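> Predicted coordinates and the sequence they were generated for:
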Amino acid sequence: DEGLRLENVTVRYGSTTALSGIDLSAPGGEVLAVLGPSGGGKSTLLRTVAGLEGASRGAVRFGGEDLSGVPVHRRGFGMVFQDGQLFGHRDVAGNVEFGLRMRSVGRRERSREVARLLELVGLAGYQRRRVSELSGGQAQRVALARALAARPRLLLLDEPLSGLDRMLRERLAVDLAELLADSATTAVVVTHDLDEAFTLADRVAVLSEGRVLQEERPRRLWTRP
Ligand code: ADP
Ligand code: ADP
């Protein structure tokens, strides 16, 4: 499987060039972490892959298919962006189930699957909790469970562990790495945290001023002579 490929992608906001001729790939089943300074183009990269921004040049492909003209909801991608993404009027199970409904899963199977996903993200037994009662970290994990429930062919994560305290972040990074490996999900993860990138990713790209500075397997990054 060819996974995700960006070919010579340029994205502009007016006179600002946010991405400048980017070539990057996340082969099927692999996790690509995108690191780099603020303003480097990380969010723009995710938004462009998601279909929320259009490229002024170049192509975004998934499984070989050119996605230009394919609308956001037809791409089959899951997104966990930084804030305001849970349905506040539903409980935790209602939020996770939303992802399952997209797959037309029957009722009994749904509650089994919700329980399994909540256990995966460390929230076993939280089905009936109100979203408004959750901590920021718990809400992020519910958003992740909801995204995974839809079994997306590509998962886009923008700072999925930001705002958590260090211990929780380290533990969740390990859990998330296992979860992504077990489900063979192709993913792009934007992060500021080098340790997190190394824990999660098969491949790490550094973006700065809209260009890819380095793209390596984690253990080779920074260690070149
Ligand atoms: P990062 O996620 O790495 O912080 P961004 O993708 O948010 O970087 O930003 C890349 C560049 O594009 C920055 O110069 C930023 O100011 C600019 N930019 C991002 N979004 C917009 C927007 N909606 N309108 C105008 N400029 C934007
Ligand atoms: P990040 O935390 O990823 O760097 P920002 O806080 O820079 O994100 O951006 C948050 C939102 O504001 C995004 O939707 C981004 O597209 C938009 N944005 C970023 N820079 C600009 C800009 N210079 N002008 C207008 N919108 C921007």
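Sure, I can see it. Ligands and ions are numbered 1, 2, ... in the order given.
> For stretch 204-212, buried residues please.
Under the neighbour-count criterion of 16 or more other CB atoms under 10 Å, stretch 204-212 has Val204, Ala205, Val206, Leu207, Gly210, Val212 buried. For every residue, glycine as well, the C-beta is placed using N, CA and C.
> just stretch 133-150 next, same as before
Quick answer for stretch 133-150 (16+ other CB under 10 Å): 134, 137-150.
> what's the answer for stretch 81-88, then?
Applying 16+ other CB under 10 Å to stretch 81-88 flags Phe81, Leu86 as buried.
> Secondary structure element for the residue lying closest to Glu7 once chain neighbours are set aside, which one?
Take Glu7 and drop its neighbours on the chain: the residue closest to it by CB to CB, 6 or more residues apart in numbering is Ala59, 4.8 Å away. Element membership for Ala59, per DSSP states H and E: strand 57-62.
> so what strands line up beside that strand?
When pairing is defined by DSSP bridges, strand 57-62 lines up against strand 4-13 (antiparallel), strand 65-66 (antiparallel).
> Format those as JSON lines; extra columns: mean pLDDT.
Conversion of the strands paired with strand 57-62 to JSON lines gives the following (pLDDT from 0 to 100):
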{"stretch": "strand 4-13", "mean pLDDT": "97"}
{"stretch": "strand 65-66", "mean pLDDT": "96"}
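> between the ones you listed, which gets nearest to Ala115?
Minimum separation from Ala115 across the strands paired with strand 57-62 (CB to CB) falls at strand 4-13, 30.8 Å.
> what's around Leu194, how many residues?
15 (other CB atoms under 10 Å).
> what sits against it?
Leu35 (CB atoms under 8 Å, 6 or more residues apart in numbering).
> Helix or strand, whichever it is, which one in the chain has the lowest mean pLDDT?
helix 166-182 (a mean of 82; mean pLDDT, DSSP states H and E).
> what does the helix or strand that comes right after that helix contact?
For helix 166-182, the following helix or strand on the C-terminal side (DSSP H and E) is strand 186-190. For strand 186-190, the external contacting residues (CB under 8 Å, 6+ apart) are 3-4, 26-34, 42-43, 45-46, 49, 153-160, 180, 196-197, 200-201.
> and ligand 1, which of these reach it?
Restricting the contacts of strand 186-190 to those touching ligand 1 (CB under 6 Å from any ligand atom) yields Lys42, Ser43.
> Inside strands: which ones of the contacts of strand 186-190?
Residues of those located in strands (DSSP state E): Leu4, Ala26, Val31, Leu32, Ala33, Val34, Leu154, Leu155, Leu156, Leu157, Asp158.
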